[in-house]
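Undergrad: this is the structure alone, sequence omitted:
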């Protein structure tokens, strides 16, 4: 996945653009239909996930996670000696994402683990990598990878233990992150996403313009708003365990009817 973000930006930016935009240089935006539609759909999913995610968390978690990962892999790697187009990569990503969504929805423990893993990965990217880069540049790529895996696994286990709190927090963080990425695309064509990706692969640091930090600041604001809305409104009186209990009660009632 080393060249995925660069390849996407190369297709989205003008031919003369080198990716090293300064704050004084105006970005010449050339939006394509497929990336724009995908970003718009992701923004819609992000709104649902951020403010209503505690109820729709299982299916959407698998759908978004599976679709994004498979899309990036298909778009970069050759499948059957053929370089797939953006449209084909989107179709394959959505298909695999639906399957992942069904698995996370039907297998409750897998869904909760995935929710916690996403929360840990996003927090590691936001707090550890971006903040750490301002004070310390890692000498090897294994340091960011170890931080991502360690924090991700930690929050995955914590989510299995304290489900309601971390599920609400994870859905708000993930939904607001999707909306932030969408804003980043329509304003500066993934410059912020490229900067974060460069922090993961320990590329030489480059200056970031002030509006990129403003876009990044939208993330915690939307996260806070999403947590408050879910905690007070959309997730009130709802629990995933009630779904399991109700199914068990129906099974017990059916067994009693059969015994009679």
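TA: It's in. Small disclaimer: the values here were computed from a predicted structure and weren't measured. Residues are numbered from 1 along each chain as shown.
Undergrad: tell me where the stretch 101-250 of the chain has helices.
TA: Assigned by DSSP state H, counting those that start in this stretch, the helices in the stretch 101-250 of the chain fall at 108-123, 131-133, 142-161, 163-188, 191-200, 210-229, 240-259.
Undergrad: of those, which is nearest residue 41?
TA: helix 163-188 (9.4 Å; C-beta to C-beta). (C-beta placed from N, C-alpha, C; glycine too.)
Undergrad: just the buried residues of that closest one, please?
TA: Neighbour counts over helix 163-188 (16 or more other C-beta atoms under 10 Å) mark 163-164, 166-185, 187-188 as buried.
Undergrad: can you redo the helices of the stretch 101-250 of the chain as TSV with distance to residue 37?
TA: Converted to TSV, those look like this (distance: least, C-beta to C-beta, whole Å):
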stretch	distance to residue 37
helix 108-123	24
helix 131-133	33
helix 142-161	29
helix 163-188	12
helix 191-200	18
helix 210-229	21
helix 240-259	32
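Undergrad: tell me where the model's unsure across the stretch 1-150 of the chain.
TA: For the stretch 1-150 of the chain, applying pLDDT under 70 flags the ranges 1-29, 53-62, 64-65, 68, 70-90, 104-105.
Undergrad: quick one: residue 123 and residue 154 touch, right?
TA: No - counting by C-beta atoms under 8 Å, residue 123 does not reach residue 154; the two are 9.6 Å apart.
Undergrad: re earlier: which one of the helices of the stretch 101-250 of the chain lies nearest to residue 45?
TA: Comparing these by C-beta to C-beta, helix 163-188 comes nearest, at 6.4 Å.
Undergrad: could you give the angle of the closest one to helix 191-200?
TA: Relative orientation of helix 163-188 versus helix 191-200 (axes from the mean of the first three to the mean of the last three C-alpha atoms, to 10 degrees): 120 degrees.
Undergrad: what average pLDDT does helix 163-188 get?
TA: Per-residue pLDDT over helix 163-188 has a mean of 88.
Undergrad: now do it: which elements does it pack against?
TA: helix 33-76, helix 108-123, helix 142-161, helix 191-200, helix 210-229, helix 240-259 (3 or more C-beta pairs under 8 Å, 6 or more residues apart in numbering; DSSP states H and E).
Undergrad: just give the number of residues close to the nearest residue to residue 126 once chain neighbours are set aside.
TA: Of all residues not flanking residue 126 in the chain, residue 219 sits nearest, at 6.9 Å (C-beta to C-beta, 6 or more residues apart in numbering). For residue 219, the count of nearby residues is 19 (other C-beta atoms under 10 Å).
Undergrad: could you do the one 3 residues further on as well?
TA: Under the neighbour criterion other C-beta under 10 Å, residue 222 is assigned a count of 23.
Undergrad: ok, now which ones touch it?
TA: Residue 222 sits next to 50, 172, 175, 176, 179, 180 when contact means C-beta atoms under 8 Å, 6 or more residues apart in numbering.
Undergrad: and if we set it to 7 Å?
TA: With contact set as C-beta atoms under 7 Å, 6 or more residues apart in numbering, residue 222 has these partners: 50, 176, 179.
Undergrad: so for residue 156, what's the pLDDT?
TA: Confidence score, pLDDT, at residue 156: 91.
Undergrad: ok, it - how many residues close by?
TA: 21.
Undergrad: return the residues in contact with it.
TA: By C-beta under 7 Å, 6+ apart, the residues touching residue 156 are 113, 116, 117, 120.
Undergrad: how close does it sit to residue 171?
TA: Between residue 156 and residue 171 the computed distance is 15 Å (C-beta to C-beta, to the nearest Å).
Undergrad: just residue 194 next, same as before
TA: Note on residue 194: its distance to residue 171, by C-beta to C-beta, is 26 Å.
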